[in-house]
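Undergrad: model the structure of this input:
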Amino acid sequence: MRVVWQLLAVVAVWAIGGQCVNAVDGNPWLTLLIGLVTSVLAVLVYRWVVGRTERRPVTELAREGAPSALGRGALMGLVLFVAVIANIALLGDYEVNGLGSLTGAVGFVGFMAAAAVTEEVVFRGVLFRIVEERAGTLIALTSTGLLFGLMHLANPDANLWGALAIAIEAGGMLGAAYAATRSLWLPIGLHFAWNFAAAGIFSSEVSGNGASQGLLDSTATGSDLVTGGDFGPEASVYSVVFGVLVTLAFLWLARRRGNLVPRGGRRAAPAPAATTVPR
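TA: As a prediction, this is how the structure comes out:
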C-alpha cells in the first residue's frame with residue numbers, strides 16, 4: 001500500500017501545482033513564485049509520506065549535499081542542451097535573430113522548477129525506486145523511462161517518435177543518474193537545467209508544448225531528424241545520442257559503486273546518497 005499512498009501524495013502536489021502555474025500563465029512573476037512554492041511543497045510532501053510509510057530517513061532527499069548536487073546536475077543539463085543546440089546550429093538549422101524576453105525567462109524558472117521537482121519525485125522517487133526494489137535496476141529503468149516518455153504524448157504537438165526519444169534520453173538518463181548517486185537532487189538539477197535551457201534561454205519548443213519565448217529570439221528550420229520538428233530539440237537525433245552516452249556513463253558509475261540492483265530486486269531502503277558524478 002505504500003506505493004499508493006506515496007503516489008497519491010506526490011501526484012496531488014504535481015496536479016494542484018500544475019493547475020496553479022497554468023492559471024497564472026502570462027504573468028512571469030506569479031509563475032516564478034507559484035513554481036518555486038510547488039517545488040518546495042513537493043520535496044516536503046515526499047519526505048513526509050515516504051518517512052511515514054517506510055519509517056526510515058529519506059536519504060534520497062537529504063539536506064546535506066543538496067546544493068552541490070543540484071548545482072552539478074544543473075551544470076550537466078545546461079552543457080548537454082548547449083551541445084545539442086550547437087550541433088544543430090553548425091548545420092545551419094538553428095539561428096539567433098536577436099534578444100527575446102527577460103521576463104519570459106523569469107517565468108520559465110518557476111515553471112521548469114515545478115515540472116522538474118514534481119516529475120522527479122513521482123518517476124524516480126516513487127516509481128523507479130519501488131520497481132527497482134522488486135525487479136532490479138534495468139527493468140526499473142526501462143519501464144519507468146517508457147512511462148515517462150509516453151506521458152508526453154498528451155502534449156499538443158507530441159508524436160510517437162518524440163515520446164520514445166524522451167523515454168530513451170531523459171527517462172534513461174535521469175533514472176541512471178538516480179541509480180548512480182542514490183539521490184534525487186542531481187536528476188532534479190539536470191532535469192531543470194535541460195528544460196530551462198530549452199525554453200528559457202534558446203526559446204525552442206519543449207516536448208511538443210509549442211514555441212517558447214526566452215532570452216533569445218530564435219528560429220529552427222531543417223530536417224525533423226536534426227531539429228526535432230514541432231516536438232522540439234528533444235526529438236533531435238543529437239539529444240538521443242547524447243542522452244544515451246550520459247545514461248551509459250551513469251550506469252557504469254552505478255556498477256562501480258555497487259548500486260545496480262540485480263534482476264529480482266533486493267534492498268528495501270536506498271543506499272546512502274552519493275554526491276559525485278563521473279569526471
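
Undergrad: would you mind measuring from the residue positioned nearest the centre of the chain to Leu260?
TA: Centroid check for the chain by Cα atoms, centre = their mean gives His191 as the closest residue, at 3.0 Å. For His191, the distance to Leu260 equals 22 Å [Cβ to Cβ, to the nearest Å]. In short, each C-beta sits where N, CA and C put it, glycine included.

Undergrad: next one: Gly125
TA: 19 Å.

Undergrad: and these two? Which one has more around it.
TA: Legend: neighbour count by other Cβ atoms under 10 Å for Gly125 and Leu260, higher for Gly125 (28 against 18).

Undergrad: next up, the contacts around that one.
TA: The contact partners of Gly125, by Cβ atoms under 8 Å, 6 or more residues apart in numbering, come to 10, 46, 50, 60-61, 184.

Undergrad: now with 6 Å?
TA: Taking Cβ atoms under 6 Å, 6 or more residues apart in numbering as the contact definition, Gly125 lies against 46, 184.

Undergrad: what's the pLDDT at it?
TA: As summarised for this prediction, Gly125 has a pLDDT of 96.

Undergrad: one more: Pro270?
TA: Pro270 carries a pLDDT value of 48.

Undergrad: likewise for Arg255?
TA: pLDDT, Arg255: 95.

Undergrad: shouldn't it be within a helix?
TA: Yes: assigned with DSSP: H, G, I helix; E, B strand; the rest coil, Arg255 falls within a helix.

Undergrad: ok, back up a step: surely the residue nearest to the centre of the chain is in contact with Ala114?
TA: No: using Cβ atoms under 6 Å, His191 is not in contact with Ala114, being 11.3 Å away.

Undergrad: quick one: the strands in the stretch 1-150 of the chain?
TA: Using DSSP state E, counting those that start in this stretch, the strands found in the stretch 1-150 of the chain span residues 94-99.

Undergrad: close enough to count as contact, Val226 and Asp93?
TA: Yes: Val226 sits in contact with Asp93 when judged by Cβ under 6 Å, with a separation of 5.3 Å.

Undergrad: shared neighbours, these two?
TA: Counting by Cβ under 6 Å, 6+ apart, no residue touches both Val226 and Asp93.

Undergrad: counting contacts, what elements does the helix or strand where Phe196 lies pack onto?
TA: Phe196 belongs to helix 185-196 when assigned by DSSP states H and E. For helix 185-196, the contact count by 3 or more Cβ pairs under 6 Å, 6 or more residues apart in numbering; DSSP states H and E identifies helix 66-90, helix 102-120, helix 172-181 as packing neighbours.

Undergrad: dump those to TSV, plus mean pLDDT.
TA: Output for those, formatted as TSV (pLDDT from 0 to 100):
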stretch	mean pLDDT
helix 66-90	96
helix 102-120	94
helix 172-181	96
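
Undergrad: once you drop chain neighbours, what's closest to Ala83?
TA: Once flanking residues are discounted, Ala83 sits nearest to Phe242: 6.0 Å by Cβ to Cβ, 6 or more residues apart in numbering.
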